[in-house]
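Visitor: dropping a prediction and its sequence here:
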Amino acid sequence: MAAVSQGFKTDLLGAIPSLRAFAVSLTQNADKADDLVQETLVKAWDKHESFQPGTNLKAWLFTILRNEFYSQMRKRGREVQDSDGIMTARLAVHPAQHGQLDLKDFRGALEQLPEDQREAIILIGASGFSYEEAAEICGCAVGTIKSRVSRARTRLQEILKISGEDEYGPDAISAQVTGTAAH
Amino acid sequence: MTRLDGLQAMLIASPVRTTPLFRKSSADMERIGRSGVLNVGMGNQTRVSLALCCVERLEFWEYKGEMKDMTKDILAGAAGGRRNGVGDPLGPNSEIGRKLKQYYDELVSDNVPDRFAQLLSQLEKAEPAQKKD
C-alpha cells in the first residue's frame, strides 16, 4: 500500500466540516453523524489509492459517506428514527412572514422529508454541488436529482406554508442590491 | 437588454455554432463545467463571466455528445432565480434557498471535535495500514 501523502491528510482535515454538515443532514443526529464521519475518514484512508488526484475530493468523500450511511441503515433495518429534534416539526408551524421563517421550523421541516429528497436538496442547495456531481454522489441520473430537488422544495413550501414567493419578490439581482437576500 | 440577456439570447439563438471565447483543453473545459452553473448569490459581473463559462461548457458537452440536456441546465443556471421553477429555485430570492444555506452554514461552522485530527494521526502512525475488510 502506497504511503498516504501529507497533502491527502490535509485535504481530509479540510473536508471534515462539510462532511459533518452532510452527515448531520442525513442522520439528523449529531452523534450518529460524527460516527459516520469517522467511518468515512477511515474508509477514505484505506482506499486513498482509488482517489484520482485532481478530481473532486469532496465529492469522492461525500460518496463514501453516503454509501456508508445507507449500508448502515440496511444492516440495522430501518430502526425508528431517533433524530435530535424529532417531532418538533409535526407541531403546527406558523405561516411564515416573508423572510421571518424560523431556522428551527426549517430544521423540523427538513427532517420530515424522505432521505432521498433531503440529501438531494442539501447537495444542490447547500453543499454547492452541480446536478451532475450530485447524481454521481447518489449513483442516479441527473433527472432523478432534479425531480427530487423539486419535490423536496415543494414539500418544504407546503410544510412551511410558503407559496409563490418567487413570483412577487424582487428578482435575484435586485435582491442583492437592496440587501434583501442577506436576511 | 443587459449583457447577460444578450449572452442568453446568443446562447438560445445559436448554441451549436457559438464560438468558444477562450480555447481550452478538454480537461480545462471539464473543470469549468464542473465549477458549477449553480453558484447562487452572485453579482452581475459574476453572472456574466459564468455565462461565458457556459458558452465554453456548451462546446464541451457538444463535444461529449450530451448537448441537449446540458443546454437546458446552462440556460436555467444563467437565468438565475428569475423564473419560478425553471431558473434557480434555490437562489437568493427563495426563502427555502436562503434557509437551506443558513441551516447548512451553521452546521459547517460548528467546531470540529479533536477526535478527528487524532484519528487521522493514528491512521498515519499505523501506516502501512493493515487492510481492513
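Guide: Yes, it's here. Residues are numbered from 1 along each chain as shown, chains lettered A, B, ... in the order given.

Visitor: which residues touch the most centrally placed residue in chain A?
Guide: Geometric centre of chain A, nearest residue: A:I122, 3.2 Å, by Cα atoms, centre = their mean. With contact set as Cβ atoms under 8 Å, 6 or more residues apart in numbering or on different chains, A:I122 has these partners: A:22, A:25, B:100, B:104. C-beta coordinates here come from the backbone N, C-alpha and C atoms, glycine included.

Visitor: tell me the pLDDT at residue 1?
Guide: Picked chain A for this. A:M1 carries a pLDDT value of 54.

Visitor: my bad, chain B
Guide: Per the predicted model, pLDDT is 41 at B:M1.

Visitor: now do the domain split for chain A, please.
Guide: Structural domains assigned to chain A are A:1-81, A:93-183, following automatic domain parsing.

Visitor: now do stretch A:104-121: distance to the chain's middle.
Guide: 9 Å (Cα atoms, centre = their mean, to the nearest Å).

Visitor: span of it from start to end?
Guide: 18 Å (Cα to Cα, to the nearest Å).

Visitor: right, is that stretch up against chain B?
Guide: Yes - using Cβ under 8 Å from any Cβ of the partner chain, stretch A:104-121 comes into contact with chain B via A:106-107, A:110, A:121.

Visitor: now for those: which two are most distant?
Guide: Using Cβ to Cβ, the residues of stretch A:104-121 next to chain B reach their maximum pairwise distance at A:R107 and A:I121, which is 13.2 Å.

Visitor: any weak-confidence spans in chain A?
Guide: By pLDDT under 70, the low-scoring segments of chain A are A:1-2, A:78-101, A:163-183.

Visitor: buried residues in the longest helix anywhere in chain A?
Guide: Counting residues, the longest helix found in chain A (DSSP state H) is helix A:6-27. For helix A:6-27, the neighbour count (16 or more other Cβ atoms under 10 Å in any protein chain shown) marks A:8-9, A:11-12, A:15-27 as buried.

Visitor: run through those residues and flag the ones next to chain B.
Guide: Filtering the buried residues of helix A:6-27 for proximity to chain B by Cβ under 8 Å from any Cβ leaves A:9, A:12, A:16-18, A:20-21, A:24-25.

Visitor: picking that back up, distance from the longest helix of chain A to the middle of the chain?
Guide: 13 Å.

Visitor: give me the contact list for that helix.
Guide: Helix A:6-27 is contacted from outside by A:30, A:32-34, A:36-37, A:40-41, A:44-45, A:48, A:51, A:57-58, A:61-62, A:65-66, A:69, A:83, A:110, A:115, A:118-119, A:122-123, A:126-127, B:104, B:107-110, B:112, B:116-117, B:120, B:124, using Cβ under 8 Å, 6+ apart.
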